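Peer 1: Here is my input; please provide its structure:
(chains A and B)
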There are 2 protein chains.
Amino acid sequence: MVRRIVVAFLSLGCAFAAPVLADEDLLARSRQLFSPIPSTPPELPGNSASPAKVELGKTLYFDPRLSASHAISCSSCHNLGLGGADAQPTSIGHHWQRGGRNAPTVLNSVFNLAQFWDGRAKDLEEQAGGPVVNPIEMASQETDAVDLLKAIPGYHEAFAKAFPGEAPPITLANAQKAIAVFEATLITPNAPFDRFLKGDAKALSPVEKQGLALFLDKGCADCHNGINIGGGMYARFGQALKPGVEFLPPDDKGRAKVTKADEDEYVYKVPTLRNIALTAPYFHTGKEWDLRKAVALMGATQLGEQLSKEDVDKLTAFLGSLTGDQPKVTFPTLPPNGAATPQPAP
Amino acid sequence: MVRRIVVAFLSLGCAFAAPVLADEDLLARSRQLFSPIPSTPPELPGNSASPAKVELGKTLYFDPRLSASHAISCSSCHNLGLGGADAQPTSIGHHWQRGGRNAPTVLNSVFNLAQFWDGRAKDLEEQAGGPVVNPIEMASQETDAVDLLKAIPGYHEAFAKAFPGEAPPITLANAQKAIAVFEATLITPNAPFDRFLKGDAKALSPVEKQGLALFLDKGCADCHNGINIGGGMYARFGQALKPGVEFLPPDDKGRAKVTKADEDEYVYKVPTLRNIALTAPYFHTGKEWDLRKAVALMGATQLGEQLSKEDVDKLTAFLGSLTGDQPKVTFPTLPPNGAATPQPAP
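Peer 2: Down below sits the predicted model:
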């Protein structure tokens, strides 16, 4: 802290000397922990992208007919207009049932080490199959979903183009692959913090830089790091102080359900903080709507520290610098029903 | 019929003479009844469009927070990927309640003489206010909807830009105006039939032309005419033969509820046939999924005629030529919730 004050003092005397040393220090520390979102989507292992596959994936992402009711699509809960989430504590699914956990953002999810709050899907491809057949989400049966796609005439050509040479091209596995390559395009480069990481010292305001310094000094970045500033590891919610039951209901044991290991009780994937200002409410219960309060809760439960109002404000300002360019997606025209397309469940 | 056969015969002898006389006749008759969709949106009386107003309208159209649950938007039931409708018999609304009638397409709805199946809203602006406060649709209260918009920080600038000089700019009336100017952009020019109307004789296939001739000769165009090939008048469903209760349930008296006139019992706005191949299921109950069967039913109930399979096929082929270029809409980024934004109803 002393060093940084001295640097700031010195910098007054040489206003035209760039870069300022304090920023250099902050930048060097940041670059050790974070990296910017690239401007082009990453390739998925074993699932190469093509324009036809991305277009098919987009179409499927927006197609509510993948649900039993024909009314719920991926886009319903991962709304590209709402930061890739749905501004609900937990999502509304089939027959207005509520999902068990807050819908995580689809944006930049390609960079997470695994998918879902508990990491139970290893990648986007595996994840995409989950909600379709989850009885409280889209509530389809696997065979019904495939039969439905086959009974929509326009999907035959779309799948054949996306998966040339495969017979039959229409499979649930291929649908998941196509959705995954589309979702891999849903990245948000060019956040102010990314521009800072690339060397633009002016991309962050003074208060955002103070927030970043706190983020590093306090230990937030011990979990929230990497390209997604989160999404790269698991951590126990409440490792310093157990949160209230509204945030940590005892019956949801987190990753322990996946690993069957006692030490994973109440362990969750560390969520990305990218675009966090767009994706209230927060935590896996979605019970906190105020980002400042969410920051304060994290200070208490994860760091064991009662953060001052000033520090919360600075940290929140820094989090605001994590909002990147939102994807520009043209709403797809879905292939229409044929006379033989199965009808929605009542 | 004799004349047309003769003309077709003559045309064989002069393959390079264009236009073919039979088409000229069909074109002349068609131009008396129909007009093509323009390439640019019409102006709305008293509600001039501006880029800011259209953009705001688009944002509101896709914003589910206008509903009590924050989960249902205009786009939920008027899905631009599904021909501006929702491929449901009747839409799923608040708490999974079902709407009373099949969701009509939003596409080209600006050209209808009035809105809703019973014409109870005189224009798009008036219509846009309906579903927001309908308890089985979006289920908001008027004051709640306005309070919500005011509590989303980004809407202040968006409304101020769309309605410069107005204080306060955020009103439900202005939201409806903005949605209406956006919806006026949702037009589908360049259908094969429109190209035919503009003089391209090859825009329709032979069977489509035969279907068009039947459409005129049989009397379909007595009701389905004008720019929207429907949408311009009211007619009794079952004027020749009363349809079954699945298509005409006795408790829905149609326009009579609006006009309180006995002669309007079971009278409905004639729906547009534009993009009809994209918008199954059909009729105000949404109980018919097969366009061919819908055509046959219309023949029986409206024309008192049992159409032959061949005629149904030709008419259906013609209806397929009414699919225009679907709107290319970039999914909007919605202004995020603030900490004080009201939360969704449970």
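
Peer 1: Near residue A:130, how many other residues are there?
Peer 2: Here the number of neighbours of residue A:130 (other CB atoms under 10 Å in any protein chain shown) works out to 15. To be clear about C-beta, it is placed using only N, CA and C from the backbone, and glycine gets the same treatment.

Peer 1: That one and residue A:137, how far apart?
Peer 2: Distance of residue A:130 to residue A:137, computed by CB to CB, to the nearest Å: 8 Å.

Peer 1: what about the strands in the stretch 151-300 of chain A?
Peer 2: Remark: strands assigned in the stretch 151-300 of chain A by DSSP state E, counting those that start in this stretch are A:234-236, A:267-269.

Peer 1: Quick check: residues of the stretch 151-300 of chain A near chain B?
Peer 2: Contacts of the stretch 151-300 of chain A with chain B, taken as CB under 8 Å from any CB of the partner chain, map to A:277, A:278, A:279, A:280, A:281, A:289, A:290, A:291, A:292, A:293.

Peer 1: and if you look at the stretch 1-150 of chain A?
Peer 2: A:59, A:62-65, A:69-71, A:76, A:79-83, A:86-88, A:91-92, A:95-96.

Peer 1: Quick one: buried ones out of the residues of the stretch 151-300 of chain A next to chain B?
Peer 2: Buried members of those, counted by 16 or more other CB atoms under 10 Å in any protein chain shown: A:277, A:278, A:279, A:280, A:281, A:289, A:290, A:291, A:292.

Peer 1: follow-up on the earlier one: tell me, what's touching residue A:130 and residue A:137 both at once?
Peer 2: Here residue A:130 and residue A:137 share no contacting residue, scored by CB atoms under 8 Å, 6 or more residues apart in numbering or on different chains.

Peer 1: okay, stretch A:84-96 in PDB with CA atoms only?
Peer 2: Coordinates of each C-alpha in stretch A:84-96 appear next as PDB, following Å, rounded to 0.1, in the frame of the first residue of the first chain:
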ATOM      1  CA  GLY A  84     -27.300 -14.900 -21.200                       C
ATOM      2  CA  ALA A  85     -29.400 -15.600 -18.100                       C
ATOM      3  CA  ASP A  86     -33.000 -14.900 -17.200                       C
ATOM      4  CA  ALA A  87     -33.300 -12.400 -14.300                       C
ATOM      5  CA  GLN A  88     -35.100 -15.000 -12.200                       C
ATOM      6  CA  PRO A  89     -34.000 -16.500  -8.900                       C
ATOM      7  CA  THR A  90     -34.600 -19.900 -10.500                       C
ATOM      8  CA  SER A  91     -36.100 -20.500 -13.900                       C
ATOM      9  CA  ILE A  92     -39.700 -21.200 -14.800                       C
ATOM     10  CA  GLY A  93     -39.900 -24.600 -16.500                       C
ATOM     11  CA  HIS A  94     -42.400 -27.100 -17.700                       C
ATOM     12  CA  HIS A  95     -45.900 -26.500 -16.200                       C
ATOM     13  CA  TRP A  96     -44.400 -23.500 -14.400                       C
END
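
Peer 1: circling back: format the buried ones among the residues of the stretch 151-300 of chain A next to chain B as CSV; extra columns: pLDDT.
Peer 2: Formatted as CSV, those follow (pLDDT from 0 to 100):
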residue, pLDDT
A:277, 98
A:278, 98
A:279, 98
A:280, 97
A:281, 98
A:289, 97
A:290, 97
A:291, 97
A:292, 98
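
Peer 1: now, which of those lie within helices?
Peer 2: Here DSSP state H is the test, and those give A:291, A:292 as lying in helices.

Peer 1: just the strands of the stretch 151-300 of chain A: most buried one?
Peer 2: Ranked by mean neighbour count, the strands of the stretch 151-300 of chain A are led by strand A:267-269 with a mean of 22 (mean count of other CB atoms under 10 Å in any protein chain shown).

Peer 1: Report the contact partners of whichever residue of the stretch 151-300 of chain A sits closest to chain B.
Peer 2: Across the stretch 151-300 of chain A, the shortest distance to chain B (CB to the nearest CB) belongs to residue A:290, at 4.0 Å. Residues near residue A:290 by CB under 8 Å, 6+ apart: A:280, B:339.

Peer 1: ok so, going back, derive a ChimeraX selection command for the buried subset of the residues of the stretch 1-150 of chain A next to chain B.
Peer 2: This is the ChimeraX syntax for the buried subset of those, where burial follows 16+ other CB under 10 Å:
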select /A:59,62,63,64,65,69,70,71,76,79,80,81,82,83,86,87,88,91,92
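
Peer 1: how deep is residue A:40 tucked in, by neighbour count?
Peer 2: Count around residue A:40 with other CB under 10 Å applied: 8.

Peer 1: pLDDT score for it?
Peer 2: Per-residue pLDDT puts residue A:40 at 97.
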